[in-house]
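**Q** Give me the fold of what follows.
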Amino acid sequence: MAPTILCLASYFKGGTLIEEAKRQGCHTILVTTQKQEHEGWPRHAIDEFFMLPFPTLARQPDITHSLAYLMRERTIDRIVPLDDYDVETAADLREHFRLPGMGASQARFFRDKLAMRLRARQMGVPVPAFTPVFNHAAIHDYFGRVPGPWVLKPRSEASAMGIRKIEQQGDLWHLLQELGDRQSYFLLEKFLPGDVFHVDSVIWDGEVRFASAQRYGLPPMAVYHGGGVFVSSTVPHGSDVEAALQAVNRQVIAAMGLAHGVTHAEFIRSNEDGRYYFLEIAARVGGAGIDRLVEYATKINPWAEWARTVVADVRGERYGLPDLRSDYAGLVVSLARQEWPDTSAYHDPELVWRLHKRHHVGFIVASADYGRVQELVSRYAGRVAADFSATAPPLERPPDA
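**A** Residues are numbered from 1 along each chain as shown. Here you go, the predicted structure:
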């Protein structure tokens, strides 16, 4: 009997996973919101498509009641969250319906920035100095030990959303007063200038079977809050940088205890001491075209491999990686002031992918030559900024939150 995979999607993403699950012989169900109805979902690979009338899939008890209704006539084998905001919802549903996979407590290690920092520090992973903001005496003690600047981070938002840089102690107390009863949902952390990297991994039986390391052109927080062009590119193979990132990534994943699936982890190399510090980890595929960046460098698409790990787990089979490639790729993405930007002037032979999205522009270049990729990424970033770039005020919370 075909495994039934139910995908939760608060936002439009994950079509490659759905297509691979269907190719693997699964019965696929997509549960999303009405707002996402007309997105470009791979309808040919979706057996059942359900749109829920409430603005967020996290709304309880509605989402539990909806799945309970579906399960009256269906046997669901696995629940897969396609967006970061669906990770905890999926975990709660697995707990309720006693389905295999990550439960609610473990999901906090991949969604709650305080939980993941506490766990990482407990397991010996370097993290920037941080403190919860529950107790004001503890905050005063933290200020006495940790010089500024600092950042106030929401514990459960995605990416750099809602992060505030704090230059003076008084600024924090003002912000906490504004937050009122919501202040316990934040943490305070030492701001570390440095280069920010991400490592995108495939996990099987608790082991990292694949990991690709990339460096951001600018820290995501800088792009999110200050505007500009989002850039990421493969780090040099065989370099000390790659070795250090692979090592700390394995250490983090072991600490969080994920058995099967994918992760997107971020690290910073401090300008002050040169050490690599853990910033955050998510049990999902990186956004903004990162899956394609990894694919064009390695032939491995994280969405497709995630689907393959899910299906192997359901069937009790062993998971094995496909053949790999060790090339280099670079990603350049920006908001665009034009509704549908004309990118025909970009036509280098190494250009392998173009983003087709309203008011966005994006490219991926790929080559076996690291230097050539870096040259093109640098040139494209400047051209995109001049030809297309637009900025928008940063969101403090996601739409419909």
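**Q** Got the phi and psi for Ser232?
**A** With angles defined as degrees, to the nearest 10, Ser232 sits at phi -150, psi 150.
**Q** In contact with it, which residues?
**A** 198, 214-217, 290, 293, 330-331 (Cβ atoms under 8 Å, 6 or more residues apart in numbering). The way it works is simple: take the backbone N, C-alpha and C, and place the C-beta from them, glycine included.
**Q** For Asp200, see how far away it is.
**A** From Ser232 over to Asp200 the distance is 10 Å, taken as Cβ to Cβ, to the nearest Å.
**Q** Now the common contact residues for those two.
**A** In contact with both Ser232 and Asp200: 214, 290, using Cβ under 8 Å, 6+ apart.
**Q** which one among the contacts of Ser232 gets closest to Ser66?
**A** Distances from Ser66 to these, taken as Cβ to Cβ, are shortest for Ile290 (30.4 Å).
**Q** Count the neighbours of the closest one for me.
**A** The local packing of Ile290 (other Cβ atoms under 10 Å) involves 21 other residues.
**Q** In contact with it, which residues are there?
**A** Applying Cβ under 8 Å, 6+ apart, the residues near Ile290 are 198, 200, 214, 232, 264, 331.
**Q** Try it again at 10 Å.
**A** Applying Cβ atoms under 10 Å, 6 or more residues apart in numbering to Ile290 gives the contacts 198, 200, 212, 214, 230, 232, 264, 302, 331, 333, 364.
**Q** Among those residues, which one sits closest to Leu30?
**A** Pro302 (18.8 Å).
**Q** Check what pLDDT Pro219 gets.
**A** Note on Pro219: pLDDT of 65.
**Q** hmm, back to that, only whichever of the contacts of Ile290 are buried, select them in PyMOL.
**A** To isolate in PyMOL the members of those that are buried, counting by 16 or more other Cβ atoms under 10 Å, one can use:
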select buried, resi 198+200+212+214+230+232+264+302+331+333+364
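**Q** Endpoints of stretch 130-138, how far apart?
**A** One end of stretch 130-138 to the other measures 11 Å (Cα to Cα, to the nearest Å).
**Q** Would you map the helices across this protein?
**A** Taking DSSP state H to define them, one finds helices in the chain at 15-23, 62-70, 87-97, 104-107, 113-122, 136-145, 169-179, 220-226, 240-256, 290-298, 302-315, 370-387.
**Q** Out of the ones you listed, which gets nearest to Glu339?
**A** Comparing the helices of the chain by Cβ to Cβ, helix 370-387 comes nearest, at 14.4 Å.
**Q** Export the closest one to PDB, keeping only CA atoms.
**A** Only the C-alpha atoms of helix 370-387 are listed here, as PDB (Å, rounded to 0.1, in the frame of the first residue of the first chain):
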ATOM      1  CA  TYR A 370      35.700  28.800  -7.200                       C
ATOM      2  CA  GLY A 371      37.300  32.100  -8.300                       C
ATOM      3  CA  ARG A 372      34.900  32.400 -11.300                       C
ATOM      4  CA  VAL A 373      31.900  32.000  -9.100                       C
ATOM      5  CA  GLN A 374      33.200  34.600  -6.700                       C
ATOM      6  CA  GLU A 375      33.800  37.000  -9.600                       C
ATOM      7  CA  LEU A 376      30.300  36.600 -11.000                       C
ATOM      8  CA  VAL A 377      28.600  36.800  -7.600                       C
ATOM      9  CA  SER A 378      30.500  40.100  -6.800                       C
ATOM     10  CA  ARG A 379      29.600  41.500 -10.200                       C
ATOM     11  CA  TYR A 380      26.000  40.400 -10.200                       C
ATOM     12  CA  ALA A 381      25.400  41.800  -6.700                       C
ATOM     13  CA  GLY A 382      26.500  45.200  -7.800                       C
ATOM     14  CA  ARG A 383      24.500  45.100 -11.000                       C
ATOM     15  CA  VAL A 384      21.400  43.900  -9.300                       C
ATOM     16  CA  ALA A 385      21.600  46.700  -6.700                       C
ATOM     17  CA  ALA A 386      21.800  49.300  -9.500                       C
ATOM     18  CA  ASP A 387      19.400  47.700 -12.000                       C
END
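**Q** Tell me what angle that helix forms with helix 290-298.
**A** 150 degrees (axes from the mean of the first three to the mean of the last three Cα atoms, to 10 degrees).
**Q** Could I get the buried residue list for helix 370-387?
**A** Buried-residue list, helix 370-387, by 16+ other Cβ under 10 Å: 370, 372-377, 380-381, 383-384, 387.
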